[in-house]
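**Q** Test case, fold it:
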Amino acid sequence: QVQLVESGGGLVQAGGSLRLSCTASGGTFSNYGMGWFRQPPGKERDIVAAINWGGGRSYYTDSVKGRFAISRNNAKNTVYLQMNSLKPEDTAVYYCAAQVGGSYYDLVATASQYDYWGQGTQVTVSS
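**A** Predicted coordinates for the structure are as follows:
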């Protein structure tokens, strides 16, 4: 059983930055594809970014390209989401997710392909 715990959310003014962390326990973290998703109030949960096993490949949804960066430290079982130039429309609950059983080069952008989820962390960007 894999457990994921997010941290780093909070309230920030537009233009500010936050770094989210997600630490995994159980299993072999270096063999998991990882992703960050977000769910604004009243809306569906959508992909923000994804990263492959080794961290050499990443995917971003268009609205965050150039502002957000996903990275991972397999020695610390942790994936990060650095969020810069935040906008009010980035306000959401942010979730990390782990895909087990994929391959080294996989980048997974679909929520249904992830096996484990964190509890979520709230990010609120004020204008």
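
**Q** Let me know whether Y116 touches C22 as I believe.
**A** No - Y116 lies out of contact with C22 (C-beta atoms under 8 Å); the separation is 10.5 Å. From N, CA and C alone the C-beta is placed, and that goes for glycine too.

**Q** Which one's more surrounded, these two?
**A** In this comparison of Y116 against C22, neighbours counted by other C-beta atoms under 10 Å, the higher total goes to C22 at 25 against 18.

**Q** From A50, how far off is the more buried one?
**A** Noted for C22: a distance of 12 Å to A50, by C-beta to C-beta, to the nearest Å.

**Q** overlap in contacts of these two?
**A** With contacts taken as C-beta atoms under 8 Å, 6 or more residues apart in numbering, the residues that reach both C22 and A50 are 34, 36.

**Q** helix/strand/coil for the nearest residue to N74 once chain neighbours are set aside?
**A** Counting by C-beta to C-beta, 6 or more residues apart in numbering, S30 is the residue found nearest to N74 once chain neighbours are left out, at 4.1 Å. When the structure is split into helix, strand and coil by DSSP: H, G, I helix; E, B strand; the rest coil, S30 lands in helix.

**Q** Find the nearest non-adjacent residue to G120, please.
**A** The shortest distance from G120 to any non-neighbouring residue, by C-beta to C-beta, 6+ apart, is to V93 (4.3 Å).

**Q** What pLDDT does the model give that neighbour?
**A** Per-residue pLDDT puts V93 at 98.

**Q** In contact with it: list those residues for me.
**A** For V93, the residues meeting the contact criterion (C-beta under 8 Å, 6+ apart) are 38-39, 120-123.

**Q** Could you check how far it is from I47?
**A** Here V93 is placed at a distance of 14 Å from I47 (C-beta to C-beta).

**Q** What does D62 show for phi and psi?
**A** Listed backbone geometry of D62 is phi -60, psi -40, with angles given as degrees, to the nearest 10.

**Q** And it, what's its pLDDT?
**A** 98.

**Q** burial count for it?
**A** Using other C-beta under 10 Å as the criterion, D62 is surrounded by 6 other residues.

**Q** quick one, what contacts K87?
**A** When contacts are counted by C-beta under 8 Å, 6+ apart, K87 is found next to 14, 125.
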